[in-house]
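Need a 3D model of the sequence below.
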Amino acid sequence: MSRIVGDAAAENPPADNLVEVSDLHFSYGSNAVLRGVNLVIPRGKVVGILGVSGCGKTTLLRHFGGQLRPVRGSVKVNGQVVHQMNSAALYAMRRKMGMMFQVSGLFTDLSVFDNIAYPIREHTDLPEDVIHDLVLMKLHAVGLRGAHDLHTSELSGGMERRVALARAIALDPMLIMYDEPFAGLDPISLNTIANLIRRLNDALGLTSVVVTYDVSESLKVADYVYFIHDGVVVAEGNAAEMADAADPFVHQFVHAKPDGPVAFQYPGRPYAEDLEIPPPAQS
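Down below sits the predicted model:
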């Protein structure tokens, strides 16, 4: 594994890590997705987890929230081993987490206002006048206070992502996770979301994990990045240093090279052998 270490890593001793992943293994049936992942998420930082589609990034996030249990290894969040928690402790921890899903995950039959208010109403006993002010505050932070009466069908793709971001921070979480936040966005919306992730993390004192395959934006917004390939961390380092990294996988991924450790062709026998096989007989 390549490691590019700078001052940011040295300034974060283990006690300052909100999430610690140790030798994490997980399989879907016979398909081993995670094969010994080790990484840490320092408090107050934006950390990027990068890799090609299907490399296990979302599976890793599901271990943070306890939706999946490891085959081997552990995930600690705020000093607690997630898969060892009972149901009450797990649900209490999840209330301190925010999640921005790949497809936003908004309730289509609720207004923008009620989408943001939903987790506050579910998990607190706050009066409606306080909830009203909190919702407008969150929407104002993402630039959509004036859209609070709209329904999701009236939102553009970029607006929908911003509403999803406002909902993710509704309960002032200690950890917020972004699963492919830049996918499918036009350049203006993409840049807006990236800037919001950075601004909100710093302004609210959050810890953020950005899971993505979008290299350019993640390297702009993150403090530190991990690259996952074949179920393990193959490289890590300060985001600013990764563009010039010599590691073969990082170089191929960052510069979108067709040749390198990531093969274009799915594994199979040689092409010439397949051409020699007669086609199946038609009935």
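
name the helices or strands packed onto whichever strand or helix holds Asp129?
According to DSSP states H and E, Asp129 maps onto helix 128-141. Secondary-structure packing of helix 128-141 (3 or more Cβ pairs under 8 Å, 6 or more residues apart in numbering; DSSP states H and E): helix 112-123, helix 157-168, helix 187-204. The way it works is simple: take the backbone N, C-alpha and C, and place the C-beta from them, glycine included.

Is it possible to get those out as a markdown table so that each row also shows mean neighbour count and distance to Val81?
Listed next are the helices and strands packed on helix 128-141 as a markdown table, based on neighbours: other Cβ atoms under 10 Å; distance: least, Cβ to Cβ, whole Å:
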| stretch | mean neighbour count | distance to Val81 |
| --- | --- | --- |
| helix 112-123 | 19 | 23 |
| helix 157-168 | 24 | 24 |
| helix 187-204 | 17 | 25 |
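
nearest to Pro42, of these?
When the helices and strands packed on helix 128-141 are compared by Cβ to Cβ, helix 187-204 sits nearest Pro42, at 11.9 Å.

tilt between that closest one and helix 157-168?
Orientation check (axes from the mean of the first three to the mean of the last three Cα atoms, to 10 degrees): helix 187-204 against helix 157-168 gives 20 degrees.

Just give me how far whichever helix or strand comes after helix 187-204 sits from the chain centre.
Scanning forward in sequence from helix 187-204 by DSSP H and E, the next helix or strand is strand 207-212. The chain centroid and the centroid of strand 207-212 are separated by 4 Å, computed with Cα atoms, centre = their mean, to the nearest Å.

and for strand 207-212, what are the contacting residues?
18-19, 41-50, 57-58, 60-61, 64, 174-183, 197, 201, 218, 221-222 (Cβ atoms under 8 Å, 6 or more residues apart in numbering).

just for this structure, where's the confidence low?
Across the chain, the ranges flagged by pLDDT under 70 are 1-15, 255-256, 260-266, 277, 279-281, 283.

in it, which spans are helices?
Along the chain, counting by DSSP state H, helices occupy 7-10, 57-64, 87-94, 112-123, 128-141, 157-168, 187-204, 215-221, 248-254, 271-276.

Tell me how many other residues surround Gly105.
By the measure other Cβ atoms under 10 Å, the count of residues near Gly105 is 14.

Surely it touches Ala164?
Yes. At 6.6 Å, Gly105 counts as touching Ala164 under the criterion of Cβ atoms under 8 Å.

how about TSV for the helices and strands packed on helix 128-141, with distance to Asp133 added?
What follows is these, written out as TSV (distance: least, Cβ to Cβ, whole Å):
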stretch	distance to Asp133
helix 112-123	11
helix 157-168	14
helix 187-204	16
